[in-house]
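> Structure for this input, please:
(one chain, ligands or ions: 2)
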Amino acid sequence: SASGETVIRTDRITKRFGGLVAVDDVDIEVREGEIVGLIGPNGAGKSTLFNCVTGSLSPSEGSVYYRGRDVTDWPQHKIAREGLVRMFQHTRVYSEMTILDNMLVSADEDTGLERVFRPPSSAARERAKELLQYLGLWGLRDLHAGRMSFGQQKLLEFGMALMADPDVLLMDEPAGGINPSMLEQLMGYIRDANTESSVTIFLIEHNMDFVMEVSDRIYALAHGEKIADGTPEEIQNDDSVLDAYLGR
Ligand code: ADP
Ligand code: MG
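Residues are numbered from 1 along each chain as shown. Ligands and ions are numbered 1, 2, ... in the order given. Now for the predicted structure:
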């Protein structure tokens with residue numbers, strides 16, 4: 001479903017933490033309309049690469065381009081304002097707030113210094129209702145988010161990300177720890193966002209069945225280095241990927 005225009009590009013990104021090279025000279029490219037997967041063993045540098053792309057970390061070397069613009073070292077909130085929205089590996093819902101209020105808060109503006117709370121507009125309320133209905137959470141809207149199941153919290157987080165009307169959505173292990181039926185649901189929602197709302201998706205995932213089924217293209221990292229890229233089929237048959245996972 002890709003239209004071709006490059007949305008995200010990294011040019012030789014390296015990120016060091018002291019003596020550790022977490023991301024080592026990595027080039028990746030995500031094109032408009034794609035669902036791109038990012039895989040690799042634990043500690044491969046996947047989340048760190050995401051952090052460099054979204055501006056929550058500054059790369060030690062290399063550049064990040066968003067729609068052709070050099071956004072290296074832009075603060076996260078500024079990149080987010082351009083439509084690049086990110087979901088975290090560990091859920092970040094406000095557990096003491098209701099589900100509906102979580103949705104409405106995510107419509108507020110994050111200036112990077114503070115979150116500017118304002119009374120939600122009727123458009124935001126309408127959108128929150130529409131999304132919660134779509135996600136099957138509207139009936140639970142007055143429940144504190146902390147009382148939801150883990151899988152429901154992941155769905156809520158997805159809804160919160162959609163409240164920002166993303167152009168590109170980065171998801172860090174969206175399927176992590178959720179049960180098989182919710183996994184199917186989530187895959188459907190991700191596909192819908194991609195096909196119906198034209199959201200370009202870049203996702204880290206450990207669940208191989210999930211990432212192979214949902215992705216158009218996949219990058220594989222190991223020890224910070226890009227070891228392979230290709231279609232799911234190519235990646236599944238790539239020797240260096242097999243080696244990385246089997247520790248050969
Ligand atoms: P992945 O997401 O692929 O599991 P990460 O990007 O989280 O891997 O981590 C890559 C490597 O960088 C790991 O060795 C990790 O311990 C290290 N690392 C990640 N973040 C930091 C940090 N803020 N400070 C120091 N080391 C870090
Ligand atoms: Mg990670």
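
> all contacts plus neighbour counts: C-alpha atoms, from now on.
Will do.

> Distance-wise, check the spatially closest residue to Met97 that is not a sequence neighbour relative to Ser95.
Nearest residue to Met97 in three dimensions, chain neighbours excluded: His144, at 5.2 Å (C-alpha to C-alpha, 6 or more residues apart in numbering). Distance, His144 to Ser95, using C-alpha to C-alpha, to the nearest Å: 6 Å.

> Could you check which of these two has the larger neighbour count?
Residue environment comparison for His144 versus Ser95 gives the larger neighbour count to His144, 18 against 15, counting by other C-alpha atoms under 10 Å.

> Can you name the residues that contact that one?
Residues in contact with His144 (C-alpha atoms under 8 Å, 6 or more residues apart in numbering) are 95-99.

> Asn207 too?
For Asn207, the set of contacting residues under the criterion of C-alpha under 8 Å, 6+ apart consists of 175-176.

> repeat that for 6 Å
Listed by C-alpha atoms under 6 Å, 6 or more residues apart in numbering, Asn207 has no contact partners.

> Phi and psi next, for it.
Geometry field for Asn207 lists phi and psi as phi -70, psi 110, criterion degrees, to the nearest 10.

> per-residue confidence at it?
Confidence at Asn207, expressed as pLDDT, is 92.

> What separation do you get for it and Asp239?
Counting by C-alpha to C-alpha, the gap between Asn207 and Asp239 amounts to 19 Å.

> I'd like the distance from the helix or strand hosting Leu162 to the chain centre, please.
Leu162 is located in helix 150-163, with elements delineated by DSSP states H and E. From the chain centre to the centre of helix 150-163 is a distance of 12 Å (C-alpha atoms, centre = their mean, to the nearest Å).

> mean confidence for it?
Mean per-residue pLDDT for helix 150-163: 93.

> do the same with stretch 190-200
For stretch 190-200, mean pLDDT rounds to 96.

> contacts for it?
For stretch 190-200, the external contacting residues (C-alpha under 6 Å, 6+ apart) are 32-34, 167-168.

> what's the angle between the longest helix seen in the chain and helix 150-163?
Counting by DSSP state H, the longest helix found in the chain is helix 180-196. Between the axes of helix 180-196 and helix 150-163, defined by axes from the mean of the first three to the mean of the last three C-alpha atoms, to 10 degrees, the angle is 10 degrees.

> after helix 180-196 comes which helix or strand?
Scanning onward from helix 180-196 (DSSP H and E), the first element met is strand 200-204.

> strand partners of that next one, parallel vs antiparallel please.
Strand 200-204 has these partner strands in its sheet, going by DSSP bridges: strand 35-39 (parallel), strand 168-172 (parallel).

> and it, anywhere near ligand 1?
No - residues of strand 200-204 contacting ligand 1 under C-alpha under 6 Å from any ligand atom: none, with a closest distance of 8.1 Å.

> Restricting to C-alpha, output that strand in PDB.
Included here for strand 200-204 are C-alpha records, laid out as PDB according to Å, rounded to 0.1, in the frame of the first residue of the first chain:
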ATOM      1  CA  THR A 200       2.200   5.000   7.900                       C
ATOM      2  CA  ILE A 201       3.200   2.400  10.600                       C
ATOM      3  CA  PHE A 202       6.700   1.600  11.900                       C
ATOM      4  CA  LEU A 203       6.600  -1.100  14.600                       C
ATOM      5  CA  ILE A 204       8.900  -3.100  16.800                       C
END
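
> sorry, back to before: what's the distance between the residue nearest to Met97 and ligand 1?
Here the distance between His144 and ligand 1 works out to 29 Å (C-alpha to the nearest ligand atom, to the nearest Å).
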